[in-house]
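Colleague: Sequence first, predicted coordinates after that:
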Amino acid sequence: MMTQPIRFAMCGTGWVAQMYARSIAAVPGVELVAVHNHRQPSLDEFTADHPVAVATTDWDEFLSAVGDGGADVAVVATPNALHAPQSIALMRAGVHVLVEKPMAVSVEEAEEMAAVADETGRALMTGHMWRFDPEARWLRQEIAAGALGRIIRTRSLSVHTWWGPSGWFQQRALAGGGALADMGVHAIDTTRYLIGDPRPVRVTARIGTYYGDYDVDDTAVLLIDWDNDTTSVVEAGWWQVQCDGPEAATRLHGTRAFGSLFPTLVTRELQSPESGGSTFEERTPPPFDRAEHCDPRLFEAQIAHAADVARGTTSPENGPDVGLTAVRIMEASYRSARTGQEVALA
């Protein structure tokens, strides 16, 4: 029996919107039916690569076209300040939402989004893509099975070296923050995902602007205490001169073993009763041949998952709590940096 494809709509036409659009084209059983951008030239460039039935610069026209059954899922890939109003409007129009990270620019906005999702019964998912990475999923399973023992401390990185984004990313009014809002939320959520999604208890942060003339941050260092007694260091940045690993690289120190994401492995010491010495055992995940570090298949996995959520065959793995918790930590970090004080979250 043939089933109808899940229809996606796209808010935004920038780099990440293009990634999602290519993913929609690659995933069976889904299709892109509508796109909105306020600038006609950007819209024309997007639709030249991704033809759709509805392409408009008029928000009301777009909302009317996708609401009430016109689309099943909307991807919100616009400047961060638009995430909340657009997602809320789409959910109230009856559309499930996959919103790019960060979920919102403030806790107040993120909480309103979560409340509207509950009120409307629409799914609200946040694009924390590393949750869909095969290596991250393998390492989370290893940790959950006790391979590392109790996790004492972690360090996670999301840093651009010798490069940083331009345009609205450098404007606080549209982005809500700089490197922390852009890159740091990847490291925050990856850490939380790997150690089993604990609740943050307190945050201390040092955040600054050192590499450019803009009104947002380009350097951030966070110290997060979780309710499972793990302490995490998170580093985020643009234009840095060095970094110890690629985006979302994470090191985890447990009482039994050491774990690492990118490179991904678990290493532990094995005692030999016969010799009284020890050897080291290293385990690695099944091979995942990446086209690039941020492999397009991570976006395809998010689209496939959102489609399954729309079909009602699964619940969101990246639901409101995921995005909201990252925003809570982000907001607390900015407050800590302003005041020079630790910020309690629980």
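Modeller: Thanks, I have the structure now.
Colleague: which element follows the helix or strand harbouring residue 141 toward the C-terminus?
Modeller: Using DSSP states H and E, residue 141 sits within helix 134-144. Using DSSP H and E, the helix or strand that follows helix 134-144 in sequence is strand 151-161.
Colleague: Touching that following strand from outside, list them.
Modeller: Strand 151-161 is contacted from outside by 143, 179, 183-188, 190-191, 194-195, 228, 230-255, using CB atoms under 8 Å, 6 or more residues apart in numbering. Where C-beta positions appear, they are placed from N, C-alpha and C, glycine not excepted.
Colleague: Residue ranges in the stretch 1-150 of the chain under the pLDDT threshold?
Modeller: Filtered on pLDDT under 70, the stretch 1-150 of the chain yields the residue ranges 1-2.
Colleague: repeat that for 90
Modeller: Counting by pLDDT under 90, the stretch 1-150 of the chain contains low-confidence ranges at 1-3, 68.
Colleague: Tell me which other helices or strands the host helix or strand of residue 321 touches.
Modeller: Element membership of residue 321, judged by DSSP H and E, is helix 320-339. The contact analysis (3 or more CB pairs under 8 Å, 6 or more residues apart in numbering; DSSP states H and E) places helix 320-339 against helix 107-120, strand 124-127, helix 185-194, strand 200-208, strand 219-226, strand 343-344.
Colleague: looking at the ones you listed, which is closest to residue 39?
Modeller: Closest approach to residue 39 among these is made by strand 124-127 (22.1 Å; CB to CB).
Colleague: Contacts only, for the residue nearest to residue 189 when sequence neighbours are not counted.
Modeller: Spatial nearest neighbour of residue 189, chain neighbours left out: residue 128 (4.3 Å); criterion: CB to CB, 6 or more residues apart in numbering. Neighbouring residues of residue 128 by CB under 8 Å, 6+ apart: 101, 185-186, 189-190, 193, 318, 322-323, 326.
Colleague: Show the buried residues in those.
Modeller: By neighbour count, with 16 or more other CB atoms under 10 Å, the contacts of residue 128 hold 101, 185-186, 189-190, 193, 318, 322-323, 326 as buried.
Colleague: Now tabulate the residues you listed in CSV and tack on distance to residue 301.
Modeller: CSV is the format used below for those (distance: CB to CB, whole Å):
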residue, distance to residue 301
101, 15
185, 19
186, 16
189, 15
190, 15
193, 14
318, 11
322, 15
323, 17
326, 19
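Colleague: wait, which of the residues you listed is closest to residue 72?
Modeller: Closest to residue 72, out of all of the buried ones among the contacts of residue 128 and judged by CB to CB, is residue 318, at 16.9 Å.
Colleague: Might you report the residue contacts of the closest one?
Modeller: 125-128, 131, 302, 305.
Colleague: of these, closest to residue 13?
Modeller: Among the contacts of residue 318, residue 127 lies closest to residue 13 (CB to CB), at 16.0 Å.
Colleague: Give the burial count for the closest one, as a bare number.
Modeller: Applying other CB atoms under 10 Å, we find 25 residues neighbouring residue 127.
Colleague: Pull the contacting residues for it.
Modeller: So residue 127 contacts 16, 77, 98-101, 302, 318 (CB under 8 Å, 6+ apart).
Colleague: That one and residue 157, how far apart?
Modeller: According to CB to CB, to the nearest Å, residue 127 stands 19 Å off from residue 157.
Colleague: Could you do residue 95 as well?
Modeller: 35 Å.
Colleague: Let me know the pLDDT of residue 280.
Modeller: In this prediction, residue 280 carries a pLDDT score of 86.
Colleague: Mind checking what secondary structure it has?
Modeller: strand (DSSP: H, G, I helix; E, B strand; the rest coil).
Colleague: For it, list each beta-bridge partner.
Modeller: Residues in a beta bridge with residue 280, per DSSP bridges, are residue 269.
Colleague: That one: neighbouring residues, count only.
Modeller: Residues near residue 280, counting by other CB under 10 Å: 10.
Colleague: right, and it touches residue 271 too?
Modeller: No: the criterion here is CB atoms under 8 Å, and residue 280 misses it with residue 271 at 11.0 Å.
Colleague: Distance of the residue nearest to residue 189 relative to residue 107?
Modeller: 17 Å.
Colleague: And for residue 314?
Modeller: Noted for residue 314: a distance of 27 Å to residue 107, by CB to CB.
Colleague: more crowded one of those two?
Modeller: residue 107 (18 against 13).
Colleague: And the pLDDT at the nearest residue to that one once chain neighbours are set aside?
Modeller: Spatial nearest neighbour of residue 107, chain neighbours left out: residue 331 (5.1 Å); criterion: CB to CB, 6+ apart. Confidence at residue 331, expressed as pLDDT, is 98.
Colleague: what's the distance between residue 331 and residue 345?
Modeller: For residue 331, the distance to residue 345 - CB to CB - is 10 Å.
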